[in-house]
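>>> Okay, here's the prediction I keep looking at, along with the sequence it came from:
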Amino acid sequence: MDLIFYLTLGLFVLLFGTLDNNIDFDFWARLTVGKNFFQTGELFNNDFQSWGTTHTFIDHEWGSSLIFYLIQNHLGDIGIFFFKSAIIFLTLYTITKIIRLENKKAPLNFLFFFFAIQSVSYNIFSTVRCQTFSFLFFAIYLYILKKTSIEKKYKILWCLPILNIIWANLHGGFALGLIVILIYAIGEYLNKKPSKPYIIAFAFSCLTTLINPYGIEYITFIISALSLNRTYITEWQSVFFSKIYKHTLLKYELYFYPVILIFLYSIIKNIKSEGIKNFYKKIDKSKYLIIIFTLIISLKSMRFHVFFVYTILSYCYLDFYNIFNKKLPDRINKLKEIILFILIIISTLSHLLEYKFINIVKPSQYPIYCVEFIKINRLKGNILTNFHTGSYVSYKLYPDNQIFMDGRYEEVYDTDLINEIADVFLAKNYQNFFRKYHTDILIIDKFYPIYNVLKKDTNWFLAFEDEHFSIFLPVKQKNLKFKLPNKNLDYYNKTKFETNINWL
């Protein structure tokens, strides 16, 4: 039945991996970094596309940039889709291997994976992002640590410092891997097992972090990035404690609460039957510490939801399976899995047969018409746009235009800039911003308060708008005649990766 399970899982990943054809807001900056490296053999140490206050920066995602650029440049949209699906499947495959460490004959039930994956589908399937690599490496670390703990073969821990070199050059999430190793060292000490091999693995992993293009400065950057104030960044907020986002991700909450209740119920039940002392002696402290750690960080930030769900799948799958799975006759159980597989394959094939593997720049997310308006009317100068869309705007309009900042707020820009730009869009003391920074063009999301405020401002006029975005220009340009952009979406999607950024 393993073959049926993996086929079902693979088709499911492929199906949901293609349902969302958005492009990550920072993907354009990743392409620029990758293009620069392959054309010049160097990495940026400053942001030539910005007119904001930038500084020499550390790019903790430079390795991901190279991979993304190679895939997009040689395989196009279809390559991006299949790469994303392959990484997700490999991550989930690793989780099944963790499950099988406790029980080699553990039955793999697709429904348990289905509900878990669905709860964080917004984070897993949404688009290709650098953090996708962190999800994979996190699962691999859990596998290596669990395997070492069970089999007591400590040589395998030497894989961790080597893997850390790769992870640290792909995404800053490698810091999570270091914490997990340290937690395992503490857990194994409490388990009265050797903890020294884990401490050694942790120490060498810290040292291999230095194998990067930036040396020791990379470490200081990561430490400072962890303490940044991200008040206005949605994905760093909590769905449990932030009033604005409290019911944003209902699917995750519907999964989270039952899982926690069942987990607590199993603990209470075991304590009642065995007593606290025997329960404490028997439990795997490493397992419980990892669960508690990922639980805490998932409460703190939406960005960490996937790590908690993957931990639960890896370490609690068998506990939940034994509670919920009814002992059906073998024939019926196999028939159930086959029927599920048939339904998934029908859904996937019917979807893919009519599917066009094209990543889309949606007018609701990207100011595609505003960018085209600026381009065809040859409007040059400094553009202020939302930091989310900054990467796209600079990719399409440089060198004629520069942006204030983009989504790489923690790498490139002074820490106050994210708050300054947020205040502008919220119409808080925006006049001070324009006095401080020379701004030529404004691209404004229409749902922000500043949109209506600027319509009444005598220094600016509304030059163009579509359903979601608008362009404001200095009032002195009000009498100019402007060309209107093409409204054909196919044009924008066919030309989305065209740019004047080039070093050849």
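Structure received.

>>> for stretch 417-425, which positions count as buried?
417-418, 420-425 (16 or more other C-beta atoms under 10 Å). Just so you know, the C-beta spots here come from the backbone N, C-alpha and C atoms, and that holds for glycine as well.

>>> what about the residue nearest to Lys496 when sequence neighbours are not counted, is that helix, strand or coil?
Distance criterion C-beta to C-beta, 6 or more residues apart in numbering; nearest residue to Lys496, sequence neighbours excluded, is Val361 at 5.0 Å. The local conformation at Val361, judged by DSSP: H, G, I helix; E, B strand; the rest coil, is coil.

>>> all helices for the stretch 201-350 of the chain, in order.
Remark: helices assigned in the stretch 201-350 of the chain by DSSP state H, counting those that start in this stretch are 216-226, 250-274, 276-282, 285-300, 305-324, 330-353.

>>> sorry, back to before: where helices are concerned, which of the buried residues of stretch 417-425 count?
Using DSSP state H, the members of these that fall in helices are 417-418, 420-425.

>>> And the furthest pair within these?
Leu417 and Phe425 (12.8 Å; C-beta to C-beta).

>>> Around Tyr321, how many other residues sit close by?
For Tyr321, the count of nearby residues is 17 (other C-beta atoms under 10 Å).

>>> which residues touch it?
The contact partners of Tyr321, taken as C-beta atoms under 8 Å, 6 or more residues apart in numbering, are 106-107, 109, 112.

>>> now His468
Per C-beta under 8 Å, 6+ apart, neighbours of His468: 363-364, 367, 445-447.

>>> Need the mean per-residue confidence for the host helix or strand of Arg435.
Remark: Arg435 resides in helix 430-436, with elements defined by DSSP states H and E. For helix 430-436, mean pLDDT is 90.

>>> What residues sit buried inside it?
For helix 430-436, by 16+ other C-beta under 10 Å, it's 430, 433.

>>> Using PDB, write out the CA atom coordinates for the next helix or strand after that helix.
For helix 430-436, the following helix or strand on the C-terminal side (DSSP H and E) is strand 441-445. Taking C-alpha atoms only, strand 441-445 is exported to PDB below (Å, rounded to 0.1, in the frame of the first residue of the first chain):
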ATOM      1  CA  ILE A 441       6.000  59.400  -8.500                       C
ATOM      2  CA  LEU A 442       3.600  57.700  -6.100                       C
ATOM      3  CA  ILE A 443       2.100  54.200  -6.800                       C
ATOM      4  CA  ILE A 444      -0.600  53.900  -4.100                       C
ATOM      5  CA  ASP A 445      -2.800  50.900  -3.200                       C
END
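
>>> Show me what strand 441-445 is packed up against.
The contact analysis (3 or more C-beta pairs under 8 Å, 6 or more residues apart in numbering; DSSP states H and E) places strand 441-445 against helix 368-376, strand 381-385, helix 449-455, strand 469-474.

>>> circling back: which one of the contacts of His468 sits closest to Thr91?
Ser364 (29.5 Å).

>>> so how far is Tyr491 from the closest one?
Distance from Ser364 to Tyr491, counting by C-beta to C-beta, to the nearest Å: 17 Å.

>>> before we move on, back to that, any chance of the contacts of Tyr321 in a markdown table, plus pLDDT and distance to Tyr395?
Listed next are the contacts of Tyr321 as a markdown table, based on pLDDT from 0 to 100; distance: C-beta to C-beta, whole Å:
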| residue | pLDDT | distance to Tyr395 |
| --- | --- | --- |
| Ala106 | 83 | 47 |
| Pro107 | 82 | 48 |
| Asn109 | 81 | 44 |
| Phe112 | 83 | 41 |
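
>>> Among those, the buried ones, what's the ChimeraX command?
Listed next is the ChimeraX selection for buried residues among the contacts of Tyr321, using 16+ other C-beta under 10 Å:
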select :109,112
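
>>> Can you tell me which of the contacts of Tyr321 is nearest Asp24?
For the contacts of Tyr321, the nearest to Asp24 is Phe112 (28.9 Å; C-beta to C-beta).

>>> you'd agree that closest one is in a strand?
No. Secondary structure of Phe112 (three-state DSSP): helix, not part of a strand.

>>> got the contact list for it?
Taking C-beta under 8 Å, 6+ apart as the test, what Phe112 contacts is 313, 317, 320-321.

>>> if you set the cut-off to 7 Å instead, what comes out?
317, 320-321 (C-beta atoms under 7 Å, 6 or more residues apart in numbering).

>>> Lowest-confidence one in the residues you listed?
Tyr321 (72).

>>> Reformat the ones in helices among the buried residues of stretch 417-425 as a markdown table; add distance to Thr248 and pLDDT.
Shown next, in a markdown table, are these (distance: C-beta to C-beta, whole Å; pLDDT from 0 to 100):
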| residue | distance to Thr248 | pLDDT |
| --- | --- | --- |
| Leu417 | 25 | 79 |
| Ile418 | 20 | 80 |
| Glu420 | 25 | 85 |
| Ile421 | 22 | 88 |
| Ala422 | 18 | 86 |
| Asp423 | 23 | 89 |
| Val424 | 24 | 91 |
| Phe425 | 19 | 92 |
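
>>> between those residues, which is closest to Asn401?
Nearest to Asn401 among these, with distances taken as C-beta to C-beta, is Ile421, at 16.4 Å.

>>> Setting the sequence-adjacent residues aside, check what's closest to the closest one.
Ile421 sits nearest to Phe387 (C-beta to C-beta, 6+ apart), 5.9 Å away.

>>> Helix or strand with the lowest mean pLDDT in this structure?
helix 330-353 (a mean of 65; mean pLDDT, DSSP states H and E).

>>> low-scoring stretches of the stretch 351-500 of the chain, by residue?
351-357, 410 (pLDDT under 70).

>>> rerun at 90
351-360, 387, 405-423, 428-431, 479 (pLDDT under 90).

>>> With the stretch 101-250 of the chain instead?
Checking the stretch 101-250 of the chain against pLDDT under 90 turns up 102-129, 153, 214, 217-250.

>>> Kindly recompute the last result at 80.
111, 126-127, 224-236, 241-249 (pLDDT under 80).

>>> neighbour-wise, which of the contacts of His468 leads?
Pro367 (26 neighbours).

>>> List the single closest residue to that residue in space, sequence neighbours excluded.
Phe469 (3.9 Å).

>>> shouldn't the one you found be in contact with Val371?
No. Using C-beta atoms under 7 Å, Phe469 is not in contact with Val371; the gap is 9.1 Å.

>>> who's in contact with Asp2?
Per C-beta under 7 Å, 6+ apart, neighbours of Asp2: Leu108.

>>> Next one: it relative to Ser314, how far apart?
From Asp2 to Ser314 the distance is 17 Å (C-beta to C-beta).

>>> cool, Tyr214 as well?
32 Å.

>>> need the longest helix for the chain.
Max-length helix for the chain by DSSP H is helix 62-102.

>>> Tell me what angle it forms with helix 305-324.
On the basis of axes from the mean of the first three to the mean of the last three C-alpha atoms, to 10 degrees, helix 62-102 is oriented at 10 degrees to helix 305-324.

>>> Helix 62-102 packs against which elements?
Secondary-structure packing of helix 62-102 (3 or more C-beta pairs under 7 Å, 6 or more residues apart in numbering; DSSP states H and E): helix 2-19, helix 27-40, helix 131-151, helix 305-324.
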